[in-house]
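[1] 3D model of this:
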Amino acid sequence: MKREYEEYGFYLLENAINGDQVSKLIEKLDTLSVKNNNYGTRDLMNKVPYVREMALSPPLLTIAEKILGEKAKPVRSVFFDKVPGANWNVAWHQDTSIALKEKADVVGFGLWSEKQGVVHVEPPEEYLSSMLTLRVHLDSTNTENGVLRVVPGTHRDGRVRSKDIINIVDSSRALECNANPGDILLMNPLLFHSSRKAVSPSHRRIIHIEYSAMTLPKPLEWFEYSETDMAY
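    The predicted model follows:
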């Protein structure tokens, strides 16, 4: 798993969580969706404590530790869904920002923004290249419902300008990351990825959790992580 992940920038782990866990996650997230009417919800571990519990437990934490080492910790979480009322096209890109508790002037950290009330910033490249994203699938994902597409190996190019990403994609082979409920896709944030609008919109529920083993320079702090998480 680690060898293929490091070479290609992604790896699909099948049947990583069981049906009962999938059902419980859907139950928790259904309540969240109705309450917020939002199909791209950030700060998920704080809004749904069960997601935090899973992120800090096997198998998710075990996977993160195998890739990043024993200091791996969950630092950001997002819930995505594609349904008829929330069906969108996502252009080719890299995930180049991290979520923080507060803004502060620190060398190397810039392009500050705010998303759903959460402060985001682009950190030095080493923070991005050493992060791991786990995409937990609660539904089947395929061409019909807007599956994630990736260009293998592009994480090794580091941070790339948007216009250059398009040129590289045009001369590369993209792969679809088809998955079933309970599968977990490991992905490097710098891997080129995108998704089309769903042809036949239905639920395509994904829990996106980012892990890091790095410590931020003071006074910066990861938005969704605190030392109390070590008590889990």
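[2] Can you tell me how far residue 226 is from residue 130?
    Distance, residue 226 to residue 130, using CB to CB, to the nearest Å: 20 Å. All C-beta spots, glycine's among them, are computed from the backbone N, C-alpha and C.
[3] Ignoring the adjacent residues along the chain, who's closest to residue 122?
    Leaving aside its chain neighbours, residue 122 sits nearest to residue 111 (4.4 Å; criterion: CB to CB, 6 or more residues apart in numbering).
[4] Actually, residue 54.
    residue 60 (5.7 Å).
[5] mind listing what residue 54 touches?
    Residue 54 makes contact with 17, 21, 25, 60, 136 under the criterion CB atoms under 8 Å, 6 or more residues apart in numbering.
[6] in the sheet, who's paired with the last one?
    Spelled out, it's residue 136. In this entry, residue 136 is beta-bridged to residue 184, residue 207, by DSSP bridges.
[7] what's around residue 73, how many residues?
    Other residues near residue 73 number 23, with proximity taken as other CB atoms under 10 Å.
[8] repeat for residue 62
    Residue 62, neighbours per other CB under 10 Å, totals 11.
[9] Quick one: the strands in this protein, in order.
    Counting by DSSP state E, the chain has strands at residues 10-13, 40-42, 73-80, 90-93, 98-100, 110-115, 118-122, 131-137, 148-150, 175-176, 184-187, 193-195, 206-212.
[10] possible to save those as TSV with mean pLDDT and distance to residue 31?
    What follows is the strands of the chain, written out as TSV (pLDDT from 0 to 100; distance: least, CB to CB, whole Å):
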stretch	mean pLDDT	distance to residue 31
strand 10-13	98	27
strand 40-42	82	12
strand 73-80	94	12
strand 90-93	90	26
strand 98-100	96	23
strand 110-115	93	22
strand 118-122	95	21
strand 131-137	98	17
strand 148-150	95	25
strand 175-176	96	31
strand 184-187	98	23
strand 193-195	92	25
strand 206-212	96	14
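[11] Spatially central residue for this structure, please.
    Centre of the chain computed as the mean C-alpha position; nearest residue by CA atoms, centre = their mean is residue 208, 3.7 Å away.
[12] ok, it touching residue 81?
    No - using CB atoms under 8 Å, residue 208 is not in contact with residue 81; the gap is 11.3 Å.
[13] Regarding the protein, what is its longest helix?
    helix 19-36 (DSSP state H).
[14] So, low pLDDT: which residues of the chain?
    Flagging of the chain using pLDDT under 70 yields the residue ranges 33-39, 83-88, 198-202, 228-232.
[15] And the residue nearest to residue 122, how close does it get to residue 68?
    Between residue 111 and residue 68 the computed distance is 24 Å (CB to CB).
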